[in-house]
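Asks: here are the coordinates; sequence isn't available:
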């Protein structure tokens, strides 16, 4: 495919004309909108993206950040409080992103949650009219999460047991840092998402305060193996997330680089638990590794 013309005007309009096969793609930014038109033979496809992510930004308030932070302390003792709040927040986040990027909410959308989650997630997505499928790699994790029956699938995130392009929205939260080959996981998510569908990948950045997960806020800065040994010494058992086996160091830079090179359309990236006025941290090298904590990548397949 050969580019005949490519032009940028004040960074707001880009025209790409490819000779073979015959197609024209126009992406023009005007105000808050990004318009994308594709002409293919006799067919024309026009989509608009709210590049300001207005609905998503309205959701990302300081009050929300504080509420979620407070709920974290209940994860072990009162999981219904923690997971119930997290499930509702996750469903609300994906609905806002879907409205901003696709122009429609989750009603009637087929949603795949790679890594699953407790039954609260199925309920939260169901309340919004989505067809929710939760995938977990093991029977024990599915049982612990309360996943059973229709919509609960056992499978490997790096080899998803689905055909190409069957989901409208594919999502994973805090899974990337638990697999040795995160790129394969992310590419699999793209594969099972229909063209034009939404892919949202959220993961814990290693150098953020929660990178070590249950081993504490600082030991992982000394080293993953040190954090594991310290946890074993204090608690008399290994952590659930074992460094080098089920927990790996994934940087913010890795995710941003992957999103730019994966072949899908990168819409945005932002810190999941920060208020929207702090999203700029994602654009600052080095600083983002320590300050972002949890990075969200938003792509259109």
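Replies: Yep, that arrived. Keep in mind the model is a prediction, meaning the values are calculated, not measured.

Asks: and residue 67, that's in a helix?
Replies: Yes: under DSSP: H, G, I helix; E, B strand; the rest coil, residue 67 falls within a helix.

Asks: was I right about it contacting residue 85?
Replies: Yes: using Cβ atoms under 8 Å, residue 67 is in contact with residue 85, at 7.0 Å. Bear in mind the C-beta positions are built from the backbone N, C-alpha and C, glycine included.

Asks: What ranges does this structure have for its helices?
Replies: 54-59, 62-71, 79-102, 119-127, 139-145, 182-191, 219-222, 224-235, 252-261, 287-291 (DSSP state H).

Asks: Quick check: closest non-adjacent residue to residue 126.
Replies: Among residues not flanking residue 126 along the chain, residue 132 sits closest, at 6.0 Å (Cβ to Cβ, 6 or more residues apart in numbering).

Asks: Now do the same contact list for that neighbour.
Replies: 111, 113, 121, 122, 125, 126, 151 (Cβ atoms under 8 Å, 6 or more residues apart in numbering).

Asks: go with 6 Å
Replies: Residue 132 makes contacts with 111, 122, 125, 151, as judged by Cβ atoms under 6 Å, 6 or more residues apart in numbering.

Asks: circling back to that earlier point, so between residue 67 and residue 85, which is more surrounded?
Replies: More crowded of residue 67 and residue 85, by other Cβ atoms under 10 Å: residue 85, with 19 against 12.

Asks: max-length strand in the protein?
Replies: Looking across the chain with DSSP state E, the single longest strand is strand 193-204.

Asks: what packs against that one?
Replies: The elements that strand 193-204 packs onto, with contact taken as 3 or more Cβ pairs under 6 Å, 6 or more residues apart in numbering; DSSP states H and E, are strand 167-173, helix 182-191, strand 294-300.

Asks: please redo it, this time with the cut-off set to 8 Å
Replies: The contact analysis (3 or more Cβ pairs under 8 Å, 6 or more residues apart in numbering; DSSP states H and E) places strand 193-204 against helix 79-102, strand 167-173, helix 182-191, strand 294-300.

Asks: The residue nearest the centre of the chain and residue 207, how far apart?
Replies: Nearest to the mean C-alpha position of the chain, by Cα atoms, centre = their mean, lies residue 201 at 1.9 Å. For residue 201, the distance to residue 207 (Cβ to Cβ, to the nearest Å) stands at 18 Å.

Asks: And for residue 176?
Replies: Taken as Cβ to Cβ, the span from residue 176 to residue 207 is 15 Å.

Asks: And residue 200, by the same measure?
Replies: Remark: distance between residue 200 and residue 207 (Cβ to Cβ) = 22 Å.

Asks: per-residue confidence averaged over stretch 191-207?
Replies: Mean pLDDT, stretch 191-207: 97.
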